[in-house]
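# turn this into a model:
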Amino acid sequence: MHLFKSNDMLADQGNGAAAIAAEAPAPAFAAPEQLSELIEEWREQISQTDWVPDLGRDIGSLTWLRGLATLLLLCGIAISCLPDFGPIKGHQSPALTGFRADQARSQTIAPLAYGSDTGIRMAATDAVRPLAQSPERPSIELVATLGRGDSLRRVLQRAGVANAESRQVTELVASAVQLDEIKPGTKIDVTLGRRPAKNQPRPLDQLAFRARFDLNLEVLRNGDQLKLNRKPIIVDDTPLRIKGVVGSSLYRSARAAGAPAEAVQKYLQVIGKKMSVSRDIRSTDEFDIILGYRRAETGEVEVGDLLYAGIERDGKAKAQMLKWTSGGRANWFEASGVGQSTGQLVRPTGGRKTSGYGMRRHPILRYKRMHSGIDFGGGYGAPIYAVTDGEVTFAGRKGGYGKFVKIKHSGGLASGYAHMSRIAVSNGRKVRKGQIIGYIGSTGLSTGPHLHYELYRNGRTINPNSVSFVQRAELSGRELKRFKGELERLQRVTPGAALGTLKSASRTQTKQREINRLGKESIS
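This next block holds a predicted model:
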C-alpha cells in the first residue's frame, strides 16, 4: 500500500478533483446501515462471551474477574429483591378508659396474685347483715405421710392435732404395735372436728392407717376420750415354690417361670457355692426355688427372701441348700446340716501396708532378722478388727509386741495383733469377723503407731497373704432336728400353692333356714 502517490498514478486513476473526492475519508457520522451493523457485531460478541465461567479455574485472570463481577451483580440483585417481613399494620383500638374500662373488667377474671378484683361488684343492701364471725367447716379430712426418720407424734402435730391428743394417740398405737415397725411412707387418714373456739385447735375425731401388713389401726372419739380399734387382716404365709426345667439358660427359665430377678440372682449365688453353674448343671435338670411370700386379704403381696435353693436330676436331689439362722447369724446349710462359707480374711485395719512378710533390717535393732508378719500404718487410736471368727487366747502385754492379742480360729489357724494402744477384748471371749478388738498404738519395740499383724498355722507363723480362710459350721442336737423339720415342711409345699384363692374375713356365712338348722341339730 502506498502512502504517497505520484502524478502518474493520479493520472491513471482519473482527472482532477473527482479523483481526489473518491479517495476522501468517510464522514464523522456513520449511516444508519453502518450503526445497525455495529450493534449486530456487539450483540454477537456479547453472546459469544462467557459471562459465568468456572471460578475454580484460571483464578485471577480477566475471564475469572468477569465471572466474579457477574456473581456479585446477581447477588446484589437478589438481596435488593428481598421482601420485607415486618408486621402488617392494622387498625388499633384505643385504650378503654372510664366507664368502658369498668364495664370490661366486670366481664373478666383476674388471678389471685393481682388481687382478683374483677367481676361485677354490687354494694350490699339493707337485707345483708354483717356476721359477728365467719363460719368454718365442721370437719377437715386430710392425709398425713410418715417420712423416713420421722415420728408418729410429729406427723400428727404437723397435721393440726393438739399436743395432748397426739401424745395420747401415740400411746394407744404403741400399745398395739411397735412404733418402729410402722414403715416410712405410711399414709395416715386424719379427720379433725369442729373446734369450740378460734383460739383452740380442732379436736381429733378419727384416725386410721395400716400399722403392719396384717393389722389396721383406727382411733375414734368416744365423747371426750379416744378409743383404739384393732382390725386384723387375714394374711397367708404360704411360701412361694417355683420349679421348672433348666433348659438352655437357668436364669431365663427361672424368670419365665415367674421368679423375681433378685431371687434368681441369689439362687445362682447359693447354688454356685455347691457346684459350678456352667459345668455341673445339665439342661435336663430341674431347679427348685422357694421364697418367703405373704398375701393379705386386701390384695397386697410381699415377696420375701430366698428360703430354699435346690437342683434335681432324674428325680433325685443333686443340691439342697436351706437358709438357717444359727448363733445369731444367717447361713446357708446343706440338707445334712453342714454350712460352708469361703472368702479371704478381712483387713485387720484401714491403714496402708508399710512392711511385708520376710527378712528385713530391723529399724531399731539395726540387723537383719525375720519379720514374721505384716505392718499396717494408721493414726494413733485407729480401730483394729478381727480377721475372722474365733476365740481370744491371749490379751495383754507380751515383750517387744507391747499390748498384744491372739485369736484362735478353726482349722488350726490363729492371728496375732501387736503394738496396740488399748485392748478391747479379754481372754476367753469369742469374737466375730470384723469386730473391733483394739486400737493402734506404739507399745513395745516400735518406732511409731502401727499394727503388726501375724497369722499362725499349727503354732508357726505363715505369710498372711497366702491364706484363703474357709469356715465350716455344723448343726447338731435339737438344732439339727429343727433344721430337718423346716426342710421337710418346705419340701411339702406344692408349687404355686401360694397363688390360690385367699379366704377373706369380710365374707359372711350363708344364712340357713331355721327348719334346716333344726333338722341338723335333731340328727346330731
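
# residue ranges with poor pLDDT in the stretch 301-450 of the chain?
339-344, 358-370 (pLDDT under 70).

# quick one, what contacts L204?
L156, V161, A162, E165, V169, V190, T191, L192, G193, V219, R221, L226 (C-beta atoms under 8 Å, 6 or more residues apart in numbering). (Glycine included, C-beta is placed from N, CA and C.)

# ok, of these, which one's closest to E286?
Taking C-beta to C-beta as the measure, E286 sits nearest to V219 out of the contacts of L204, at 51.5 Å.

# how about the strands in the stretch 401-524 of the chain?
403-408, 413-423, 430-431, 436-440, 450-457, 460-462, 470-474 (DSSP state E, counting those that start in this stretch).

# tell me which element Q269 falls in.
helix 261-274 (DSSP states H and E).

# what lines up beside whichever helix or strand comes after that helix in the sheet?
Next in sequence after helix 261-274, counting helices and strands by DSSP H and E, comes strand 286-296. Strand 286-296 pairs in its sheet with strand 235-236 (antiparallel), strand 240-245 (antiparallel), strand 301-313 (antiparallel), by DSSP bridges.

# just to revisit the earlier point, which of the strands of the stretch 401-524 of the chain sits closest to E286?
strand 470-474 (28.0 Å).

# turn the contacts of L204 into CSV, columns for pLDDT and secondary structure.
Formatted as CSV, the contacts of L204 follow (pLDDT from 0 to 100; DSSP: H, G, I helix; E, B strand; the rest coil):
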residue, pLDDT, secondary structure
L156, 91, helix
V161, 90, coil
A162, 89, coil
E165, 91, helix
V169, 92, helix
V190, 93, strand
T191, 92, strand
L192, 92, strand
G193, 90, coil
V219, 92, strand
R221, 90, strand
L226, 91, strand
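
# now R397. Nearest residue, chain neighbours left out?
Nearest non-adjacent residue to R397, counting by C-beta to C-beta, 6 or more residues apart in numbering: K403, 5.9 Å away.

# can you count the residues close to the one you found?
20 (other C-beta atoms under 10 Å).

# distance of it relative to G444?
From K403 across to G444, the span is 7 Å (C-beta to C-beta, to the nearest Å).

# give me the buried positions along the helix ranked longest in the chain.
Using DSSP state H, we find that the single longest helix of the chain is helix 62-80. Using 16 or more other C-beta atoms under 10 Å as the test for burial, helix 62-80 gives T63, W64, G67.

# mind listing what the last one touches?
What that stands for is G67. The contact partners of G67, by C-beta under 8 Å, 6+ apart, come to D50, W51, V52, P53, D54, L55.

# switch the cut-off to 7 Å
V52, P53, L55 (C-beta atoms under 7 Å, 6 or more residues apart in numbering).

# from what I can see the second one touches T63, true?
Yes. Applying C-beta atoms under 7 Å, one finds P53 in contact with T63, separated by 5.0 Å.

# how near is K406 to V392?
7 Å.

# ugh, typo on my part, it should be A159
Distance from A159 to V392, by C-beta to C-beta: 53 Å.

# wait, a strand at R100?
No. Counting by DSSP: H, G, I helix; E, B strand; the rest coil, R100 falls outside a strand, being helix.
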